[in-house]
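[1] got a predicted structure plus its sequence, pasted below:
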Amino acid sequence: MNIYLPAYEKGELRIYVDAMAESRKAFASADPLEMAKNSGASYQEEGLVFKAMGHLFSVKYPQGTVNFKGTQLEPDVLVQVIFINYLARAKGAPLTYDYISYRDLPGGEAFYDAFNQLAIAPIAEVLKDNPGSLADVALYLGGEVIEDRTRGEVLFWFLPRVPLRYLVWGGDEEIAGRANILFDSSAKIYLHTEDLAGAGHYLTSYILNLLKKVR
């Protein structure tokens, strides 16, 4: 399996210690078959298995250890916490296909400026001259290209039931380039607003990292 996201050997947990402990507690107290059913995962010998950002992951039950499936490699700790929270919170709600801004999430207005600075503005700046190149990384991160001509628009499946819709419009000497990240309105059922901000920040970081490699 090719891995296009950062992957690490297991090491000492130095950050998100309290958050991880709380997440794993909730995960261990939930029924694994129900979590699989409600999250779009499958329950296998190695744990709950699902596809995220074009990669297969496994989360061992009840330990809550997260690995790239079939390896001993782990994703970023932030992503591990988000994945575990997703599995523990999943209620099986269907996608609405009604896409909303981060501002429209519970409490999102208060944190929008920070989300824009970390997740949206960097995409707008890097892709202002060629927004269609957003499609260049879709293959590596399991994205679905919606538009790559008049604008860049790709649907990235951060988790099986949490898509992030990236849109980029080009700029010129008179009009600044702009971007946005939209969420299915059901996202708030699966993840807290803070976790969705982390998802956007993480995904943006590695979209930009991959763009440097494929250009």
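    Received the coordinates, thanks. Numbers count the residues shown, from 1 in each chain.
[2] run the chain-centre distance for whichever helix in the chain runs longest.
    Longest helix in the chain by number of residues (criterion: DSSP state H): helix 193-214. Computed by C-alpha atoms, centre = their mean, to the nearest Å, the chain-centroid distance of helix 193-214 equals 8 Å.
[3] repeat that for stretch 170-178.
    27 Å.
[4] flag every buried residue along that stretch.
    By 16 or more other C-beta atoms under 10 Å, the buried positions in stretch 170-178 come out as 170-171, 177-178. Every C-beta, even on glycine, is put in place using the N, C-alpha and C of the backbone.
[5] got it, and stretch 197-213?
    Those buried within stretch 197-213 under the rule 16+ other C-beta under 10 Å are 197-204, 206-207, 210-211.
[6] could you pull out the helices for the chain?
    Using DSSP H, helices in the chain cover 17-29, 32-39, 77-89, 108-115, 121-126, 187-190, 193-214.
[7] got JSON lines for these, with distance to Val49 and mean pLDDT too?
    Conversion of those to JSON lines gives the following (distance: least, C-beta to C-beta, whole Å; pLDDT from 0 to 100):
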{"stretch": "helix 17-29", "distance to Val49": "15", "mean pLDDT": "97"}
{"stretch": "helix 32-39", "distance to Val49": "9", "mean pLDDT": "98"}
{"stretch": "helix 77-89", "distance to Val49": "11", "mean pLDDT": "97"}
{"stretch": "helix 108-115", "distance to Val49": "30", "mean pLDDT": "97"}
{"stretch": "helix 121-126", "distance to Val49": "30", "mean pLDDT": "95"}
{"stretch": "helix 187-190", "distance to Val49": "17", "mean pLDDT": "98"}
{"stretch": "helix 193-214", "distance to Val49": "19", "mean pLDDT": "96"}
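[8] export the ones you listed to CSV and tack on distance to Phe57?
    CSV is the format used below for the helices of the chain (distance: least, C-beta to C-beta, whole Å):
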stretch, distance to Phe57
helix 17-29, 14
helix 32-39, 12
helix 77-89, 7
helix 108-115, 24
helix 121-126, 24
helix 187-190, 16
helix 193-214, 14
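[9] for Ala7, which of those is the nearest?
    Evaluated over these, closeness to Ala7 peaks at helix 77-89, with 10.7 Å, by C-beta to C-beta.
[10] show residues contacting that closest one.
    13, 15-16, 19-20, 23-24, 26-27, 30, 35, 39, 41, 48, 52, 57, 59, 64, 66, 74-75, 159, 162, 189-192, 195, 198-199, 202 (C-beta atoms under 8 Å, 6 or more residues apart in numbering).
[11] re earlier: of the buried residues of stretch 197-213, closest to Val145?
    Ile207 (13.1 Å).
[12] now that closest one, nearest residue through space, not along the chain?
    Val137 (5.4 Å; C-beta to C-beta, 6 or more residues apart in numbering).
[13] circling back: just the buried residues of stretch 170-178: which are in strands?
    Arg178 (DSSP state E).
[14] just to revisit the earlier point, are any of the contacts of helix 77-89 buried, and which?
    16, 19-20, 23-24, 27, 30, 35, 39, 41, 48, 52, 57, 59, 64, 66, 74-75, 159, 162, 189-192, 195, 198-199, 202.
[15] report the central residue of the chain.
    For the chain, Phe158 is the residue whose C-alpha lies nearest the centre (C-alpha atoms, centre = their mean; 3.3 Å).
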